[in-house]
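need a structure here:
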Amino acid sequence: MKNDVQPEAFQTQSRALTDGFHLVIDALKHNDIDTIFGLVGIPITDLARLAQAEGMRFIGFRHEQNAGNAAAIAGYMTQKPGICLTVSAPGFLNGLTALANATVNCFPMILISGSSEREIVDLQQGDYEEMDQLNAAKPYAKAAYRINKAEDIGIGIARAIRAAVSGRPGGVYLDLPAQLLAQSLDAEHGKKSLVRVVDPVPRQIPAPDSVQRALDLLKGAKRPLILLGKGAAYAQADADIRAFVEKSGIPYLPMSMAKGLLPDTHPQSAAAARSFVLAEADVVVLIGARLNWLLAHGKGKTWGAPKQFIQIDISPTEIDSNVAIAAPVIGDIGSCVSALLAGIDSGFSKPGAEWTNAIAE
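Residues are numbered from 1 along each chain as shown. Model (predicted):
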């Protein structure tokens, strides 16, 4: 009888285990994230060390804010969330500045911070670097999550990724208590708990009637202008944007972060006459540009003569945020520009020489 139970007991004891450290790394790699920016210390030192051992790239900084800014920039350039890893409390707060910047500027990044034990923090019993980081992050992040169980790491990472890149991109906070990282889990169960995010940035096709409304407004314009913003550059829809500009014949003005979509030497570039075209245009197409302080909120002497706006944006709540938008086109920029491009037929009249010559002069 004794010999009969020994093999089963031995099998249980020898079953392969994993832990929270490895599951975080596996979850990131499972979603093709291969780089971490950060600054190590308790309780995430081993997380960075093991990530390197598993083939991930760790880029260390002397200050968490710089690491977070680098992660946000990487996210903007790659359309995958940049990862910033920090220690608890002071390190988290340093990273929070970069997280807030990423959220406001629509850069996809995830701030992952180690934190103290919940049962001590919640009773304010004086743990090491005690701070309620999750609630501190919420006002400055697009989303904020805490993972408490190792088996939830896969779904937690997936939620953070999707929140960072879907719709209007932004910063996401992910709180990892120290005890989570040390939790053990059956390796096979851990592997099955990983989630690969399917279609994290789904296309959002604009409504046909909104596209037609925009085209009708453009057809009646005497002095149209296309304004390219940061969102246009982030969308990586360069070919369709260029085709839309050239097929319509409408002059364009790039914001600073849209430089390079089309050259300033392009014959339709109005970059050298910025003040003139903003003041004199009668219909302005905003592609991934917000009427914020950079554009005087769409008001005042900067904008001169009365005008109507066509705004392409992924967020419906951005419409009418400062001035009335005559023709909102809601969807991802690539799909919206493609739809407008398809609607420019042989009956579409390019801007008259009076407008284009005035800009050239």
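
residue ranges with poor pLDDT in the stretch 1-150 of the chain?
Counting by pLDDT under 70, the ranges of the stretch 1-150 of the chain that qualify are 1-14.

which residues of the stretch 151-300 of the chain fall in strands?
Using DSSP state E, counting those that start in this stretch, the strands of the stretch 151-300 of the chain run over 171-177, 184-186, 224-228, 252-254, 283-287.

Which one of these lies nearest to Ala358?
Nearest to Ala358 among the strands of the stretch 151-300 of the chain is strand 224-228; the distance by Cβ to Cβ comes to 12.0 Å. C-beta here means a position set from N, CA and C on the backbone, and glycine is covered the same way.

could you redo the strands of the stretch 151-300 of the chain as CSV and give each row mean neighbour count, distance to Ala243 and mean pLDDT?
Below are the strands of the stretch 151-300 of the chain laid out as CSV (neighbours: other Cβ atoms under 10 Å; distance: least, Cβ to Cβ, whole Å; pLDDT from 0 to 100):
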stretch, mean neighbour count, distance to Ala243, mean pLDDT
strand 171-177, 27, 33, 97
strand 184-186, 15, 51, 95
strand 224-228, 25, 12, 98
strand 252-254, 25, 12, 97
strand 283-287, 26, 13, 98
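
would you turn those into TSV with distance to Gln212?
Formatted as TSV, the strands of the stretch 151-300 of the chain follow (distance: least, Cβ to Cβ, whole Å):
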stretch	distance to Gln212
strand 171-177	36
strand 184-186	54
strand 224-228	16
strand 252-254	22
strand 283-287	15
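
Out of those strands, the one nearest His266 is which?
Each of those has some distance to His266 by Cβ to Cβ; the shortest is strand 252-254, at 7.9 Å.

Asp46 belongs to a helix?
Yes: under DSSP: H, G, I helix; E, B strand; the rest coil, Asp46 sits within a helix.

burial of it, as a residue count?
15 (other Cβ atoms under 10 Å).

wait, it sits on His22?
No: judged on Cβ atoms under 8 Å, Asp46 makes no contact with His22 at a distance of 10.0 Å.

Just the CA trace of the host helix or strand of Val329, in CSV.
Using DSSP states H and E, Val329 maps to strand 327-330. Extracted in CSV, the C-alpha atoms of strand 327-330 (Å, rounded to 0.1, in the frame of the first residue of the first chain):
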residue,chain,number,x,y,z
ALA,A,327,-18.5,67.9,-40.1
PRO,A,328,-17.1,65.4,-37.6
VAL,A,329,-15.7,62.2,-39.0
ILE,A,330,-15.2,59.6,-36.2
